[in-house]
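*Asks:* Curious how this folds, go ahead:
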Amino acid sequence: MPEIKDITTGITKTARDAAYVAVGLGVMGFQRAQVRRQELVKRFAQPRTLIESRLGDVRGEFTKSVKSVDEAVENVIGRVESTFEPLEERLPTQARDLVKQAQAQAREARQQLRNLLLSAAA
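*Replies:* Sure thing, here's the model as predicted:
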């Protein structure tokens with residue numbers, strides 16, 4: 001009977017060694033996958049940073065352009081309104097009130113558009 005015990009012990013030892021080898025290979029494979037993942041993260045992080053930087057520059061330029069155009073439009077609107085002021089004074093009271101309401105609504109619409117453009121640029 002000692003022969004059977006020696007055989008089963010040998011089989012058990014071989015099975016245990018095979019299990020250890022399988023677990024070790026699994027751990028090594030997992031570690032290798034982690035290293036590859038880290039390499040890919042580093043590889044793709046650099047172009048992403050460059051793109052984000054360029055996008056930030058474009059947003060800054062867009063914001064400057066929007067502000068510049070906004071100032072120019074406000075100047076033109078101010079000139080037009082000052083040109084029409086003498087005519088507005090000649091209008092009847094009801095018509096003058098309507099013109100003032102239209103101007104107020106136009107200012108509100110311009111402000112909303114300005115806020116929309118500046119929030120889109122941010």
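*Asks:* Quick one: the helices in this protein, in order.
*Replies:* Secondary structure of the chain (DSSP state H): helices at 2-90, 93-121.
*Asks:* ok, the residue nearest to the spatial centre of the chain - contacts?
*Replies:* Centroid-nearest residue in the chain, with Cα atoms, centre = their mean: residue 52, separated by 8.7 Å. By Cβ atoms under 8 Å, 6 or more residues apart in numbering, the contact list for residue 52 is empty. C-beta here means a position set from N, CA and C on the backbone, and glycine is covered the same way.
*Asks:* got a pLDDT number for residue 85?
*Replies:* Residue 85 carries a pLDDT value of 83.
*Asks:* The one 10 residues further on too?
*Replies:* Reported pLDDT at residue 95 in the predicted model: 84.
*Asks:* ok, residue 46 to residue 63 distance?
*Replies:* To residue 63, residue 46 is 26 Å away according to Cβ to Cβ, to the nearest Å.
*Asks:* and what of residue 38?
*Replies:* Taken as Cβ to Cβ, the span from residue 38 to residue 63 is 37 Å.
*Asks:* again, but for residue 55
*Replies:* Distance of residue 55 to residue 63, given as Cβ to Cβ: 13 Å.
*Asks:* of the two, who's got more company?
*Replies:* Remark: of residue 55 and residue 63, residue 63 carries more neighbours, 15 against 10, as counted by other Cβ atoms under 10 Å.
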